[in-house]
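Chemist: just coords:
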């Protein structure tokens, strides 16, 4: 019985642990599922150059858009939806709470 209770406590939300929402948001922003938002959107969630390439004699550049001023609803939609199969934005399979925590972190980190 004691083992069951201790396992249950380990799976509860981060609010019951020694970590603030800001620290949790930073942790998720930097590395939510093996690669972080920070890699493409930078430390402050601003528009950032990712890469360039040539295709059929045309030079193309790929930028990550600024996310620091996004509403929570737009932020959630972008993280949960694949707009098209050519989109490079991963979904990460984040929970709604994790999305809210990351959004609060990036919008208050400027």
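Modeler: Nice, thanks for sending it over. Keep in mind that this is a model prediction, so the values were computed, not measured. Numbering: from 1, shown residues only.
Chemist: quick one: contacts of the longest helix seen in the chain?
Modeler: Looking across the chain with DSSP state H, the single longest helix is helix 96-107. Taking contacts as Cβ atoms under 8 Å, 6 or more residues apart in numbering, the residues outside helix 96-107 that touch it are 13, 21-22, 24-26, 28-29, 32, 37, 41, 44-45, 67-70, 72, 75-76, 79-80, 94. Where you see a C-beta, it was placed from the backbone N, CA and C, and this is true even at glycine.
Chemist: Are any of the residues you listed buried, and if so which?
Modeler: Buried members of the contacts of helix 96-107, counted by 16 or more other Cβ atoms under 10 Å: 24-26, 28-29, 32, 37, 41, 45, 67-68, 70, 75-76, 79, 94.
Chemist: and the gap between the closest residue to residue 66 other than its chain neighbours and residue 72?
Modeler: For residue 66, ignoring the flanking residues on the chain, the nearest one in space by Cβ to Cβ, 6 or more residues apart in numbering is residue 47 at 4.4 Å. From residue 47 over to residue 72 the distance is 19 Å, taken as Cβ to Cβ, to the nearest Å.
Chemist: ditto for residue 41
Modeler: Separation of residue 41 from residue 72 (Cβ to Cβ): 16 Å.
Chemist: what stretches of the chain score poorly on pLDDT?
Modeler: Applying pLDDT under 70 to the chain flags residues 1-17, 32-33, 83-84, 110.
Chemist: residue ranges for the helices of it, please.
Modeler: 2-10, 21-30, 38-41, 72-80, 96-107.
Chemist: What residues of the third one count as buried?
Modeler: Judged by neighbour count (16+ other Cβ under 10 Å), helix 38-41 contains these buried residues: 38, 40-41.
Chemist: With distance to residue 61 as new columns, can these be given to me in CSV?
Modeler: As requested, those are exported to CSV (distance: Cβ to Cβ, whole Å):
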residue, distance to residue 61
38, 20
40, 13
41, 16
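Chemist: ok, of those residues, which one's closest to residue 56?
Modeler: The closest of the buried residues of helix 38-41 to residue 56 turns out to be residue 40 (Cβ to Cβ; 24.9 Å).
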